[in-house]
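> Sequence first, then the predicted structure:
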Amino acid sequence: MSKMMKTGRVALVLAAMAAMPALAAPATKGLPTPATLPPPPAGQGQIIFWRSGTMVGGAIGCGVNIGTERISALGAGHYFILNLAPGAYEFNAKSEAKDVLNIEVEPGEVEFVKCTIRMGMMVGRPNLSPSTVEEFGTKRDGLKYVDGDDVGPKVLADPAAVAPAS
Amino acid sequence: MILAGLLATDLATPPAFVPAGTAIEIRVDQALSSQTAVRGDRFPISVVNPVIVDGAVVVPAGATGIGEVVHAAGKGFGGRAGELIVAARYVDIPGGRLLLRGFRINRAGANNAAEAIGATIVVPLAGLVVTGSSAQIAQGQTALAKTQADFPARSPSAAPPEPIENQEGGAR
């Protein structure tokens, strides 16, 4: 086996290991998800981005961007809320490859987007995909809001910190 | 005299009105797949149940319109699932074009990322050829949409207006 093949095999195994579930997958920081999340402000729509804590790729971050603007980053078992003016938006998450998700924001409507990590050549690849309120509902009790340093200027502050869960 | 009589009738009968936010059940009339759909593709839709306002049918069942693919991504290696988001744009009704919003059928196929990683641990590179499944929307799938704005509409169930005659008896 050539040195290049050995190196490649080691890199693949390391990439696979990095994408394995984190041992302590559920987030340990932050407050529980409130029973009721704040609706979008009048005239705006809302997107809730979430990432399961028990899925593959727990050790890899999922940065969420609009173009080159970083919106936030989802660790395993986290979520965040983004209120936006109505219109079409192109979100992306990238590592060694770029994944794009197109979403239309409509006034008063709430959309759901989940991030998963799939296998790549060298590192895991974040993948943004459409989700539903039902799917989010099955995971929400195990989710925490993103850490303060991942709350960008467009991201809503942790609703649990404003109104503790009932 | 005849004209005045018709005007009086029109004033006494409020126009059929579709208020903004009225829910309409919409059917997708063409099967869609994330493997073949492209963002911007348009497809036929139709109204499932009539919308009745003040006893008049203002949006008949079967009224046809157009939906649009908002997002499409095919399945891929590494366990990637196909993705599909579609929206209903409008239906044509006797009163004109009824713009729609709030219609979402979001589909993501099965994500096989875990299987891909498991395969790689056993056999290097094997996981890269593991794919997810495509997202599919079956023909006949239904979901609710909402009207975008208040919309005055004539009732298709009402008789067409009589031609207004002038005193010479000719049609105007």
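Nice, I can see it.

> contacting residues around residue B:47?
Applying CB atoms under 8 Å, 6 or more residues apart in numbering or on different chains to residue B:47 gives the contacts B:24-27, B:59-65, B:91. Any C-beta I mention is one placed from the backbone N, CA and C, and that applies to glycine too.

> quick one: the closest residue to residue A:38 other than its chain neighbours from chain B, how far?
If the residues on either side of it in the chain are set aside, residue A:38 comes closest to residue A:159, at 5.4 Å by CB to CB, 6 or more residues apart in numbering or on different chains. From residue A:159 across to chain B, the span is 23 Å (CB to the nearest CB, to the nearest Å).

> With residue A:135 instead?
Distance from residue A:135 to chain B, by CB to the nearest CB: 9 Å.

> helix, strand or coil for that residue?
helix (DSSP: H, G, I helix; E, B strand; the rest coil).

> which residues of chain B fall in helices?
Taking DSSP state H, the helices of chain B run over residues B:2-12, B:113-122.

> what mean pLDDT does the longest one have?
By that I understand helix B:2-12. Per-residue pLDDT over helix B:2-12 has a mean of 44.

> ok, back up a step: got a list of what the residue nearest to residue A:38 touches?
A:34, A:37-38, A:81, A:145.

> Sketch out the low-pLDDT regions of chain A for me.
A:1-30, A:54-59, A:119-123, A:163-166 (pLDDT under 70).

> Hmm, I typed the wrong one, I wanted chain B.
Residues of chain B that meet the criterion pLDDT under 70 lie in B:1-16, B:77-79, B:106-132, B:153-172.

> Just the strands from it, written as ranges.
Along chain B, the segments classed as strands by DSSP state E run B:17-18, B:23-28, B:32-33, B:42-47, B:51-53, B:56-59, B:64-73, B:83-93, B:96-101, B:105-108, B:136-137, B:142-147, B:151-152.

> what packs against the third one?
Judged by 3 or more CB pairs under 8 Å, 6 or more residues apart in numbering or on different chains; DSSP states H and E, the packing partners of strand B:32-33 are strand B:83-93, strand B:136-137.

> what do you get if the cut-off is 10 Å, keeping everything else the same?
In terms of contacts (3 or more CB pairs under 10 Å, 6 or more residues apart in numbering or on different chains; DSSP states H and E), strand B:32-33 is packed against strand B:64-73, strand B:83-93, strand B:105-108, strand B:136-137.

> want to try TSV for those strands, with mean neighbour count as columns?
Output for the helices and strands packed on strand B:32-33, formatted as TSV (neighbours: other CB atoms under 10 Å in any protein chain shown):
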stretch	mean neighbour count
strand B:64-73	21
strand B:83-93	23
strand B:105-108	22
strand B:136-137	20
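
> Present those as CSV; the columns should include distance to residue A:150.
Formatted as CSV, those follow (distance: least, CB to CB, whole Å):
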stretch, distance to residue A:150
strand B:64-73, 24
strand B:83-93, 24
strand B:105-108, 24
strand B:136-137, 34
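
> Same list (those) but as CSV, adding distance to chain A.
Below are the helices and strands packed on strand B:32-33 laid out as CSV (distance: least, CB to the nearest CB, whole Å):
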stretch, distance to chain A
strand B:64-73, 4
strand B:83-93, 5
strand B:105-108, 4
strand B:136-137, 12
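
> Which of these sits closest to residue B:99?
strand B:83-93 (5.1 Å; CB to CB).

> what lines up beside the closest one in the sheet?
Its sheet considered, strand B:83-93 pairs with strand B:64-73 (antiparallel), strand B:96-101 (antiparallel), strand B:105-108 (antiparallel) by DSSP bridges.

> What segments of chain A are helices?
Secondary structure of chain A (DSSP H): helices located at A:3-18, A:133-139, A:159-162.

> residue contacts, the most centrally placed residue in chain A?
In chain A, the residue lying closest to the centroid (CA atoms, centre = their mean) is residue A:74, at 3.9 Å. Residues near residue A:74 by CB atoms under 10 Å, 6 or more residues apart in numbering or on different chains: A:49-52, A:61-64, A:80, A:93, A:113-115, A:126, A:128, A:143, A:146, A:150.

> Can I get the buried ones among the contacts of residue B:47 as something I can paste into PyMOL?
If you want just the buried ones from the contacts of residue B:47 in PyMOL, going by 16 or more other CB atoms under 10 Å in any protein chain shown, the selection is:
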select buried, chain B and resi 24+25+26+27+59+60+63+65+91
